[in-house]
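Q: sequence plus the predicted model coming up.
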Amino acid sequence: MNSMRRPLIAGNWKMNFGGPEAITLAGGIAKASKELSAVDVVVCPPFTALAAVAAELDGTRVGLGAQNVHPKASGAFTGEVASAMLVAAGCTWVIVGHSERRQFFGDTDAFVADKTSAAFAAHLAPIVCVGETEAEREAGNTLAIIERQLNAVLPVLVAHKGEAMAIAYEPVWAIGTGKAATAADAEEAHAFIRKLLASASEDLAARVRVLYGGSVTGANARELLACPNVDGALVGGASLTLEKFEPILGAAQALTLS
Ligand code: 13P
């Protein structure tokens, strides 16, 4: 972490908790976050739980994000949700370009850029995800993949450089595997992302938070978050229970005080 950037810890609940469990978990996280004044906390429930979780989080310091958005404002797109609808449900954040969407739902670099534009247009802060697969890493293409994915969206980020946003580096091989990147590997990728951002805009590079995602736990959060270019975490599995999420929030808060 770097003292210029407040740590951001976001929980991506993926396809879990659509009803009362979502409200209970959100309420628990809000309570646990009350004293964590140095850390920004965001939860990203499934669409069906957004409005109920928004009501639960009202007046707390926990932000609400969605996991996906469609680029168009409205129209005949069965099953899709537009950015203004997310705002109406109480969101201020939205994840775009998650590797699960790229892998299983065909989200291309260009489509991710369009979603990012749509997010900004509705004043939603995008969390833009990038990251290589295991095969791409083994072939020595990690930085080339990150560069391709980031370059596709960079003009959109630069055009909105004063607005809230985050990048998440999520190596696909680390997601849900229990095999997080080492701090050294994470720092290498994050520093590279920072350099790419700086080549387009120094201001943007200085203020954008680059989150690490992929098997973050209470046990490894401190070491990952201590890296100078790691400004927070995008947490999947360990964001699904308060017992597992709270130590990650605690690690971020402790580092800001150290
Ligand atoms: P895990 O923390 O379960 O590895 O998931 C990471 C992720 O994909 C967050 O978006």
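A: All right, it came through fine. Quick caveat: nothing in here was measured; it's all calculated off a predicted structure.

Q: what about the residue lying closest to Trp13 once chain neighbours are set aside, neighbour count?
A: Counting by CB to CB, 6 or more residues apart in numbering, Trp13 lies nearest to Pro45, which is 5.0 Å off, once chain neighbours are set aside. Where C-beta positions appear, they are placed from N, C-alpha and C, glycine not excepted. A count of nearby residues for Pro45, using other CB atoms under 10 Å, gives 28.

Q: which ones are touching the closest residue to the ligand within the chain?
A: The nearest approach of the chain to the ligand comes at Gly236, 2.2 Å away (CB to the nearest ligand atom). Listed by CB atoms under 8 Å, 6 or more residues apart in numbering, the contact set of Gly236 reads 11-12, 14, 175-176, 213.

Q: residues from the stretch 151-258 of the chain in reach of the ligand?
A: Residues of the stretch 151-258 of the chain lying close to the ligand (CB under 6 Å from any ligand atom) are 170, 175-176, 213-216, 234-238.

Q: which of those residues count as buried?
A: The neighbour-count criterion (16 or more other CB atoms under 10 Å) marks 170, 175, 213-216, 234-238 among these as buried.

Q: how about JSON lines for these, with pLDDT added?
A: Output for these, formatted as JSON lines (pLDDT from 0 to 100):
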{"residue": "Glu170", "pLDDT": "98"}
{"residue": "Ile175", "pLDDT": "97"}
{"residue": "Gly213", "pLDDT": "98"}
{"residue": "Gly214", "pLDDT": "98"}
{"residue": "Ser215", "pLDDT": "98"}
{"residue": "Val216", "pLDDT": "98"}
{"residue": "Leu234", "pLDDT": "98"}
{"residue": "Val235", "pLDDT": "98"}
{"residue": "Gly236", "pLDDT": "98"}
{"residue": "Gly237", "pLDDT": "98"}
{"residue": "Ala238", "pLDDT": "98"}
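
Q: okay, and which of those residues map to strands?
A: Counted as lying in strands by DSSP state E, out of those, are 213, 234-235.
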